[in-house]
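Trainee: A structural model of the following input is requested.
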Amino acid sequence: MRTPTAHRTPSKSPHTLTPDEHVDAWLRSGTSARAYAELHGLKPSSLYSWRRRSRAHDRTPRLVPVVVAPSCNCEVALPSGRILRFPESLAPDTLRLLLRAIEGP
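Mentor: Okay, here's the model as predicted:
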């Protein structure tokens, strides 16, 4: 005589998982979407949809800090071997003062 097989009902966790948490748990489990969904009372299509939405969200551009430094378009090689780099916009009088200060009297 055959004994009736009990149907397995999804276990309820102490807290309900968010869609992102379900996707993470499903991917870590290594099981198919169908197996994970059945175990948790979900539809496999929901897992696929949540994963697609999560991936689209991950492609959102992120802002990174940018520091803009003035370009050094000109340079002067000093007899000592030092190189003085400065922007083209540097006033000639300022350049003369810098050269005098570096080369000495």
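Trainee: make it CA atoms for all contacts and neighbour counts henceforth
Mentor: Fine.
Trainee: Give me the contact list for the lengthiest helix in the chain.
Mentor: Ranked by number of residues, the top helix in the chain under DSSP state H is helix 44-58. If you take CA atoms under 8 Å, 6 or more residues apart in numbering as the criterion, helix 44-58 is touched by 19, 20, 22, 23, 33, 34, 36, 37.
Trainee: One more: stretch 19-31?
Mentor: With contacts defined as CA under 8 Å, 6+ apart, stretch 19-31 is touched by 32, 33, 36, 47, 50, 51, 54.
Trainee: quick check, distance from that stretch to the centre of its chain.
Mentor: Distance of stretch 19-31 from the chain centroid (CA atoms, centre = their mean, to the nearest Å) equals 21 Å.
Trainee: residues of it that come out buried?
Mentor: 19, 22, 23, 26 (16 or more other CA atoms under 10 Å).
Trainee: gap between the first one and residue 31?
Mentor: Which is residue 19. 17 Å (CA to CA, to the nearest Å).
Trainee: before we move on, back to that, of the contacts of helix 44-58, which is the nearest to residue 99?
Mentor: Lowest distance from residue 99 to the contacts of helix 44-58 (CA to CA) belongs to residue 20, with 62.2 Å.
Trainee: Between helix 44-58 and the one helix or strand the closest one maps to, find me the angle.
Mentor: Here residue 20, judged by DSSP states H and E, is contained in helix 19-29. With axes from the mean of the first three to the mean of the last three CA atoms, to 10 degrees defining the directions, helix 19-29 sits at 100 degrees from helix 44-58.
Trainee: Domain parsing of this structure, as residue ranges.
Mentor: Listed domain ranges for the chain are 19-58, 74-103 (source: automatic domain parsing).
Trainee: Residue 68 is nearest to which of these?
Mentor: It's domain 74-103; of the domains of the chain, that one is closest to residue 68 (CA to CA) at 13.5 Å.
Trainee: Among the contacts of stretch 19-31, name the buried ones.
Mentor: Here, 16+ other CA under 10 Å leaves 33, 36, 47, 50, 51 buried among those.
Trainee: For residue 86, state which of the residues you listed is nearest.
Mentor: Of all the buried ones among the contacts of stretch 19-31, residue 51 has the smallest distance to residue 86: 52.0 Å, by CA to CA.
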